[in-house]
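Enquirer: Dropping a prediction and its sequence here:
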Amino acid sequence: MGMGIDGMVSGLDTTAIINALIAAEAGPQTLMKSKVTTDTALVTAFRSLNTKFAALATQAGGLAKIGGLDMYLATSSSDVVTATASSSARTTRLDLTVNQLAQSHSVVSAAMTAWPATPPVLTFVKPDGTKTEVTAASTSLDDMVAAINSSSAGVSAVKMASGVDGSGTTQYRLQLTATGTGAANVFTAYQGGAAEVGAGTAPELMAAPGAAVLRTGQDARVTLWAGTAAETAITSAGNTFTAIAPGVDVTVNKTSTDPVTVSVMRDAGKVGAAAKDLASSVNIILGSIYTQSTVSAGTSSAGAATMTAGLFTSESTTAAAKTRLFNAVADPIDGQSPATIGINTTKIGDLSFDADAFAAAYAKDPTAVEHVLATIAGRVAAAATAVSDPYTGTLTQRITGQQNVVDDLNAQILDWDGRLAARRASLQGIYTSLEVQLSKMQSQQSWLTAQLGSLDTGSSQKK
């Protein structure tokens, strides 16, 4: 930017004049900036709506797929057993008796003041013959506890106070507990290394006087169809029996002498909630398009009535998407209205869900209701995908086109910045030159005036 010389000779406010000229010439750029603001807001609204359509496509597609409405509820006749069902479950009834619960193996050593052997080595042997050797840093019981707890033996150790010996020295016992339940985690502990255990020369820790087995590790066990020819015992390392029937898990909480009945049936509550959620998601989109397509009335600062269009007021893409989505829900299925399962249309063009009507229809014929709901979900998924597909979606393509317009306008605005900067420099040069020329003319005028004055003075003296 050139140096300003406002009014040095001419008295003109050249900066104000130049700014006014630039503002007049920047009119097209100002219009483009205004359009960028409006179009950017439109693109943002499009993207938000497209995200909702994409989420709806996923939600509806999940319900429409085979097994998408396979929702089951597992119940137990007693708190002895807790049952859960997944989508792979099927209607069934099981009678089982809980014979025993799973428990971890736990032992306590004889009283001691330090590890009784050097080197301080302990070996754990599992029922499958697996040996894990643990070596402590010293004969200190604290070191042995630390070594056991940091090993891969699957055993936790705690040092417990156990009175004093004859000399008054404090004694301790080591309580060793398997970190997992079940018969496979039962262990035998030996004072010595794995080689000594193999040779039979390592004494068993529990053989020392005062040592004890607190509890023996065992599997949980239940009996199906007790008292019948089909009676079957099933065991589990833990108290949860996974897939005791397809899609059904049971957890045993205590033993029982009487059979406990586990029943699995279709979960009307979950299916109803899925239908309600689908209608709600569709309503959110319909309402968003409606709100942003509404022309609102207002009053200007001068008191005149005004009308303001919404972002989607003249958008055929969103209007078509709204119509297609609404029809996907509202159109009949096999000649039956969706209202038969509680999905109703309203006079303002959205949906309402009647939970009681759905529950009644489901109780009467769950298969028919699920067929209607799955059909609606499939149509909604197709409609939402047609709008939001990342490559072929109508709204996706509209977003791409509108964003291209914004990008092109921004490029033109940048180009105008350069042109206006050049024009400003040119005007500053012109007005600066004008001031210089005026200054020269003023100087010449002053010189001529002085010369004429001297001539007049000379003539007066000669007289």
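Expert: Yes, it's here.
Enquirer: Would you map the strands across the stretch 101-250 of the chain?
Expert: Remark: strands assigned in the stretch 101-250 of the chain by DSSP state E, counting those that start in this stretch are 104-108, 121-125, 131-135, 155-164, 170-181, 188-191, 212-215, 220-224, 232-236, 240-245, 248-252.
Enquirer: what is the orientation angle of the helix or strand just after the last one with strand 220-224?
Expert: Along the chain past strand 248-252, the next helix or strand (assigned with DSSP states H and E) turns out to be strand 260-266. Our comparison of strand 260-266 with strand 220-224, counting by axes from the mean of the first three to the mean of the last three Cα atoms, to 10 degrees, yields an angle of 70 degrees.
Enquirer: Following strand 260-266 in sequence, what is the next regular element?
Expert: helix 268-293.
Enquirer: Check which helices and strands that following helix sits against.
Expert: helix 27-64, helix 316-330, strand 351-353, helix 355-364, helix 366-388 (3 or more Cβ pairs under 8 Å, 6 or more residues apart in numbering; DSSP states H and E). Glycine gets a C-beta too; all of them are placed from N, C-alpha and C.
Enquirer: okay, the ones you listed in a markdown table with mean pLDDT next?
Expert: Below are the helices and strands packed on helix 268-293 laid out as a markdown table (pLDDT from 0 to 100):
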| stretch | mean pLDDT |
| --- | --- |
| helix 27-64 | 88 |
| helix 316-330 | 95 |
| strand 351-353 | 93 |
| helix 355-364 | 95 |
| helix 366-388 | 96 |
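Enquirer: what about residue 340, neighbour count?
Expert: 16 (other Cβ atoms under 10 Å).
Enquirer: And residue 202, by the same measure?
Expert: Other residues close to residue 202 by other Cβ under 10 Å number 21.
Enquirer: show me the contacts for it.
Expert: 123, 190, 191, 192, 193, 196 (Cβ atoms under 8 Å, 6 or more residues apart in numbering).
Enquirer: Can you check what pLDDT the model gives the closest residue to the second one other than its chain neighbours?
Expert: When you say that, I think you mean residue 190. Nearest residue to residue 190, sequence neighbours excluded (Cβ to Cβ, 6 or more residues apart in numbering): residue 202, at 4.0 Å. You'll see residue 202 listed with a pLDDT of 94.
Enquirer: before we move on, which element is the residue nearest to residue 43 when sequence neighbours are not counted in?
Expert: Excluding the flanking residues, the one nearest residue 43 by Cβ to Cβ, 6+ apart is residue 402, at 5.1 Å. In this structure, residue 402 sits in helix 394-462 according to DSSP H and E.
Enquirer: Could you pull up the mean pLDDT of that helix?
Expert: Mean predicted lDDT for helix 394-462 stands at 76.
Enquirer: Determine the set of other helices and strands touching it.
Expert: helix 14-25, helix 27-64, helix 316-330, helix 366-388.
Enquirer: Would you mind saying which of the ones you listed lies nearest residue 252?
Expert: helix 366-388 (30.6 Å; Cβ to Cβ).
Enquirer: Show me what that closest one is in contact with.
Expert: Contacts for helix 366-388 (Cβ under 8 Å, 6+ apart): 50-51, 53-54, 56-57, 60-61, 63-64, 68-69, 266, 268, 271, 274-275, 278, 282, 321, 324-325, 327-329, 331, 333, 336, 338, 340-341, 343, 358, 361-362, 392-396.
Enquirer: Stretch 49-64 too?
Expert: 68-69, 274, 277-278, 281-282, 284-285, 288-289, 318, 321, 373-375, 377-378, 380-381, 384-385, 387-388, 393, 395-396, 399.
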